[in-house]
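>>> Next come a sequence and a model predicted from it.
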Amino acid sequence: TLKEFINPWTNRNQSPFVPFNDYTATVIGMVRDDVSFNTVLSANILYTVNAPGLPAPSAANNDHYATAEADGVDFATALQQTTQTAVYGTPAAGVAGVWTTRAGAAAYFVLGTNRAQFRFTMLNYLCHDMQTVMDNTRPTDRIRQDVARSPGGDSRVFLNNCAGCHSGMDPMAQAFAYYDFSTTTNALVYTRGQVQPKYLKNPQNFPWGFVTPDDSWQNRWRSGPNADLGWDSSLPGSGAGAASLGQELENTTAFANCQVVKVFQTVCLRAPTSTTDQQTVGTIQTDFVSSGYDLKKVFEESAAACAGS
């Protein structure tokens, strides 16, 4: 159940039918071991498979996990917790939960501009795609040069559409400025202190746009309509690097609600559309947060609620 629940988060096609990988293994392990789920985007954590005859886990291939799946290894007992630094050699400063697992990097840091990592995080962890968080009231000064300000010669397209997403996304996606996924080595690339060229591509689209100097980020959605996502007031709303951005996102009300709704749908085989179901989800969400973000508890409470309905 967990494997098919998590697999869609690991690829852009959102398919459950992908090989077992380090992203899925890590989330399964966190659920099994009651690891606080509001560290999934920030912790230096990795789960490997402790079973005989497996290739060693590698930053350059998925053989360790694919072979474990092919061999029918029991993931309920064989997964063991370690760190990405210990297994892959990723500097601790560059580790950010499932974002920097090999599967997470291969799916969302490859090519492009790293905005995909942000967009799919919103989709998978806050249950919002970009069109539902568009906000044309935010400043546009940190939108990168590659975004044309007059697409097709019409500036209204930028002002009414493009800016609504990029004005909030670009200042936060700057946290990923030191990351890439190499199609040559098939591994995550982290260049601390050096902005990846993908952040500086296509400057001719708007030469006066923002030039990324580092991996500092700022959340401009803490005010305006997206304040409704429920940002944690104890956090500063800005920082440097992916792990601190992960903490910003994984401590929102939207994050907690998203996990509960997804689990409810998985266990109960229906969306929580009725008044009774919505009340149940609200209660489970409260328990989820108060339990220290124990996602196993969400599965248990959802199962109990559905069995009694």
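Received, thanks.

>>> per-residue pLDDT, residue 307?
pLDDT for residue 307: 85.

>>> okay, now it: neighbour count?
Applying other C-beta atoms under 10 Å, we find 9 other residues in the vicinity of residue 307. Quick note: C-beta positions are derived from backbone N, CA and C, even for glycine.

>>> How much space separates it from residue 267?
Applying C-beta to C-beta, to the nearest Å, the value for residue 307 to residue 267 is 9 Å.

>>> Run through the stretch 151-300 of the chain and note the low-pLDDT ranges.
For the stretch 151-300 of the chain, no stretch has pLDDT under 70.

>>> all strands for it, in order.
In the stretch 151-300 of the chain, the strands defined using DSSP state E, counting those that start in this stretch lie at 179-182, 187-190, 216-218, 238-240.

>>> Distance from the chain centre to the last one, please.
Distance, stretch centre to chain centre, for strand 238-240: 17 Å (C-alpha atoms, centre = their mean, to the nearest Å).

>>> okay, which residue is most central for the protein?
Geometric centre of the chain, nearest residue: residue 121, 3.5 Å, by C-alpha atoms, centre = their mean.

>>> residues contacting that one?
41, 99, 249 (C-beta atoms under 8 Å, 6 or more residues apart in numbering).

>>> swap the cut-off to 7 Å and go again
41, 249 (C-beta atoms under 7 Å, 6 or more residues apart in numbering).

>>> try residue 104
10, 23, 98.

>>> which is the next helix or strand following the host helix or strand of the second one?
This points to residue 23. Using DSSP states H and E, residue 23 sits within helix 22-32. Per DSSP H and E, the first helix or strand lying C-terminal to helix 22-32 is strand 46-49.

>>> Distance from the chain centre to that following strand, please.
18 Å.

>>> From the contact counts, what lies against that strand?
On a contact count with 3 or more C-beta pairs under 7 Å, 6 or more residues apart in numbering; DSSP states H and E, strand 46-49 meets helix 22-32, helix 63-70, strand 79-82, helix 84-88.

>>> thought residue 196 was touching residue 177?
Yes. Counting by C-beta atoms under 7 Å, residue 196 touches residue 177, with 6.3 Å between them.

>>> show me what contacts the nearest residue to residue 17 once chain neighbours are set aside?
Closest residue to residue 17 apart from its sequence neighbours, by C-beta to C-beta, 6 or more residues apart in numbering: residue 7 at 7.4 Å. With contact set as C-beta under 7 Å, 6+ apart, residue 7 has these partners: 16, 18, 24.

>>> ok, now which ones touch the closest residue to the last one other than its chain neighbours?
On the basis of C-beta to C-beta, 6+ apart, the spatially nearest residue to residue 24 that is not a chain neighbour turns out to be residue 6, at 4.7 Å. By C-beta under 7 Å, 6+ apart, the contact list for residue 6 reads 24, 27, 28.

>>> can you do 8 Å?
By C-beta under 8 Å, 6+ apart, the contact set of residue 6 is 23, 24, 27, 28.

>>> and the second one, how many neighbours?
Which is residue 24. 28.

>>> from memory it sits against residue 103, does it?
Yes. Counting by C-beta atoms under 8 Å, residue 24 touches residue 103, with 7.2 Å between them.

>>> Now the common contact residues for the two.
residue 10.

>>> For the residue nearest to residue 17, give me phi and psi.
phi -50, psi -40 (degrees, to the nearest 10).

>>> Repeat that for residue 272.
Backbone torsions for residue 272, taken as degrees, to the nearest 10, come to phi -80, psi 70.

>>> And it, how close does it get to residue 291?
Relative to residue 291, and taking C-beta to C-beta, residue 272 is found at 19 Å.

>>> Neighbour count: the two, which is higher?
Set side by side, residue 272 and residue 291 show more neighbours around residue 272, with 20 against 16, by other C-beta under 10 Å.

>>> quick one, what contacts the residue lying closest to that one once chain neighbours are set aside?
Nearest residue to residue 272 in three dimensions, chain neighbours excluded: residue 281, at 4.7 Å (C-beta to C-beta, 6+ apart). By C-beta under 8 Å, 6+ apart, the contact set of residue 281 is 257, 260, 261, 264, 272.
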